[in-house]
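A.B. asks: generate a structure from the sequence data that follows.
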Amino acid sequence: MQLFTDFIDYLKITKNLSPKTLAAYSSDLKQFSNYEQNILSPDIRAFIAYLTSDLQLKDSSVRRKIITLKNFYGFLVESEIMEVSPFQKLKFRFKQERRLPKTLSIGEVTKLLNCFNDNAELRTPFAAREYMRDAALIDLLVSTGIRIGEAAALTLDDIVTTERTLLIHGKGRKQRLIYVSSPVTWARISALVKERKRANGNHLFVNRYNNPISIHGIEDIYKKYARKAQINAKSTPHYLRHTFATNLLANGADLRSVQEILGHASVATTQIYTEVTTNRKKQVLKKYNFRNKL
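C.D. replies: Below is the predicted model of the structure:
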């Protein structure tokens with residue numbers, strides 16, 4: 001539908017949204033158009049009832065679709081295609097579900113990193129290059145807490161060798177610099193950079209065909225070493241980001257600094273990690289505090 005296309009084009013120009021976010025907007029609008037026959041005179045309540053009762057979507061999914069439609073109809077009013085938004089007198093309330101971030105224990109992270117302490121089985125140049133890439137990738141995720149999409153986007157030009165820093169291209173096309181504090185991590189990245197400069201292409205992490213690695217490729221690499229390390233089988237590479245943030249706060253880092261390091265737009269997003277550290281402290285004190293038995 002042309003109105004949807006015009007709206008997505010408007011978002012591209014004015015909102016600086018990521019391709020992933022724009023795709024989500026497009027998906028929401030397509031679902032709405034499949035349900036609603038008259039876009040310019042919609043029954044919003046009926047559509048929300050359809051999402052919650054018939055499709056039984058989670059509150060978070062329904063809330064996102066409401067935001068999409070609110071913005072769409074706001075665009076139509078601003079463009080003078082409609083006089084009044086159908087959301088003008090509508091209010092929706094949802095229970096705010098707060099899920100604590102899932103993390104790995106320090107022992108599990110250690111087991112994961114220990115997978116790269118023995119390269120005796122590397123019998124071919126290809127196996128050696130793959131091992132070098134995987135070691136640098138997993139160690140980088142552990143050491144910096146960057147998103148897997150940010151890792152996949154890294155190029156050789158993003159590495160500031162003299163400062164041991166990486167230029168990270170985050171959500172909303174925002175950039176930030178990350179210092180690689182671990183000497184082991186930096187050594188692995190440096191070795192990979194040296195190897196990549198001998199090959200074609202500018203991306204740091206590539207697949208076997210020398211193409212930039214995808215986020216699914218990173219997920220597969222993580223699963224491979226998670227199985228080898230025999231750690232939480234349900235864990236994902238995003239657990240490493242949660243683990244990184246949680247331990248920064250547990251070790252005394254201030255919330256604002258952690259927000260900047262993680263690339264969160266709002267400190268409220270970072271705040272949830274403090275709840276994880278508090279819960280852990282409670283568990284330790286309940287179990288180990290000698291005063292409990294006196």
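A.B. asks: if we ignore the residues flanking it in sequence, what's nearest Ser214?
C.D. replies: Leaving aside its chain neighbours, Ser214 sits nearest to Ala152 (6.4 Å; criterion: C-beta to C-beta, 6 or more residues apart in numbering). Placement of C-beta: from N, CA and C, glycine included.
A.B. asks: and the helix or strand hosting Thr68, what does it pack onto?
C.D. replies: Counting by DSSP states H and E, the element that carries Thr68 is helix 59-78. Using 3 or more C-beta pairs under 8 Å, 6 or more residues apart in numbering; DSSP states H and E, the elements in contact with helix 59-78 are helix 2-14, helix 19-35, helix 44-49.
A.B. asks: thinking again about what came up before, burial of the residue nearest to Ser214, as a residue count?
C.D. replies: 20 (other C-beta atoms under 10 Å).
A.B. asks: what's the first helix or strand after the helix or strand where it lies?
C.D. replies: Secondary-structure element containing Ala152, defined by DSSP H and E: helix 148-153. Heading C-terminal from helix 148-153, the first helix or strand you meet, by DSSP H and E, is strand 159-160.
A.B. asks: would you mind writing the CA trace of the helix holding Thr68 as CSV?
C.D. replies: Taking Å, rounded to 0.1, in the frame of the first residue of the first chain, the C-alpha atoms of helix 59-78 are listed here in CSV:
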residue,chain,number,x,y,z
ASP,A,59,1.9,-7.5,25.9
SER,A,60,5.3,-6.4,24.6
SER,A,61,4.5,-7.4,21.0
VAL,A,62,1.0,-5.7,21.2
ARG,A,63,2.6,-2.6,22.7
ARG,A,64,5.1,-2.4,19.8
LYS,A,65,2.3,-2.7,17.2
ILE,A,66,0.3,0.1,18.9
ILE,A,67,3.4,2.3,18.8
THR,A,68,3.8,1.6,15.1
LEU,A,69,0.2,2.4,14.3
LYS,A,70,0.2,5.6,16.5
ASN,A,71,3.2,6.8,14.5
PHE,A,72,1.6,5.8,11.2
TYR,A,73,-1.6,7.7,11.9
GLY,A,74,0.3,10.6,13.3
PHE,A,75,2.1,10.8,10.0
LEU,A,76,-1.3,10.7,8.1
VAL,A,77,-2.6,13.6,10.2
GLU,A,78,0.7,15.6,9.7
